[in-house]
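In: I need the structure of the sequence given here:
(one chain, ligands or ions: 1)
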Amino acid sequence: MELDPRTLSVAERYKLLIGVIVPRPIALVSTISPDGRPNLAPFSFFNGVGSNPMTVLFCPANNADGSEKDTLRNAKPVSEGGTGEFVVNVASEAYERRMAACAEPLGYGESEFALSGLSPLPSARVRPPRVLESPVSLECRTLQVIRTNPGQPSGGNIVIGEVVHVHAEEGVMNERLHTDPAKLAAIGRMGGSGYVRTAGAAQRFEMPMGREALKG
Ligand SMILES: Cc1cc2nc3c(=O)[nH]c(=O)nc-3n(C[C@H](O)[C@H](O)[C@H](O)COP(=O)(O)O)c2cc1C
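Out: Residues are numbered from 1 along each chain as shown. The predicted model follows:
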């Protein structure tokens, strides 16, 4: 099959993207509005950017009417009307359904903490709260927002943030900073409404990289 994205509808392009870019890690992103109201929403267009400085990104697409999702309104830099801060809470099995509940489109300023029953805890370095139930939380200051189609329906936005503080639940990482995947129990998103688990040893395997990889 050969496909030219220009011949596909926006919905078809989305279906294709989420079907082939798998599995995707999930950031449950907490933010607050400039007047202090908390917000929580999951994003699977999420990844690391680099380690110097320690940076991550996530991509809140525009709403169907072209407006910005609440998370982007809150996380964008102060110079653009936001707070310039967000927290990435790693989505895990322990609270998977409450994480998904946070995708409910609530009015601006209405809290998904209240809807989902997840518990806000004060962060160490930023104003948005972290999520108690999450095994790891990355407190971030927004460096930049890149907009691929501002004001347009489903236009993409990349929020890049510097991690200024890391909270890890006791036992998830050892003193050498190796994370135990069984304790992290991260979940990932597949196409449609599919998800994957990563805690079970049977699902994971190891191999070296480069030429060494061919020796197996
Ligand atoms: C697991 C999961 C992953 C999601 N990933 C994204 C994403 O990467 N980008 C996006 O724009 N919306 C994504 N969504 C949908 C948003 O979470 C949803 O639109 C949410 O209501 C946005 O909330 P906000 O307006 O409070 O920011 C995802 C939903 C789920 C359940």
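In: What are the boundaries of the helices in the chain?
Out: With helices called from DSSP state H, the chain shows them at 10-20, 70-75, 96-101, 112-116, 181-184.
In: other SSEs contacting the third one?
Out: So that's helix 96-101. With contacts defined as 3 or more CB pairs under 8 Å, 6 or more residues apart in numbering; DSSP states H and E, the packing partners of helix 96-101 are helix 112-116. C-beta coordinates here come from the backbone N, C-alpha and C atoms, glycine included.
In: List the buried residues for the helix it packs on?
Out: By 16 or more other CB atoms under 10 Å, the buried positions in helix 112-116 come out as 112-113, 116.
In: Give me the packing partners of it, helices and strands only.
Out: Judged by 3+ CB pairs under 8 Å, 6+ apart, helix 112-116 is in contact with strand 38-43, helix 96-101.
In: Name every strand pairing with the first one and say which way it goes.
Out: Strand pairing for strand 38-43, determined by DSSP bridges: strand 27-32 (antiparallel).
In: And the contacts of the strand it pairs with?
Out: Identification of contacts with strand 27-32 by CB atoms under 8 Å, 6 or more residues apart in numbering yields 38-44, 46, 56, 58, 70-71, 74-75, 83, 85-91, 99, 102, 120, 127-131, 134.
In: Please list the residues of the chain that sit near the ligand.
Out: For the chain, the residues in contact with the ligand (CB under 6 Å from any ligand atom) are 26, 39, 41-45, 59-61, 69-71, 100, 103, 105, 189.
In: Buried only: go through the residues you listed for me.
Out: Buried, going by 16+ other CB under 10 Å: 26, 39, 41-45, 59-61, 69-71, 100, 189, out of the residues of the chain next to the ligand.
In: all strands in the chain, in order from the N-terminus.
Out: 24-25, 27-32, 38-43, 46-51, 54-58, 85-90, 120-121, 130-131, 136-147, 157-168, 187-189, 195-197 (DSSP state E).
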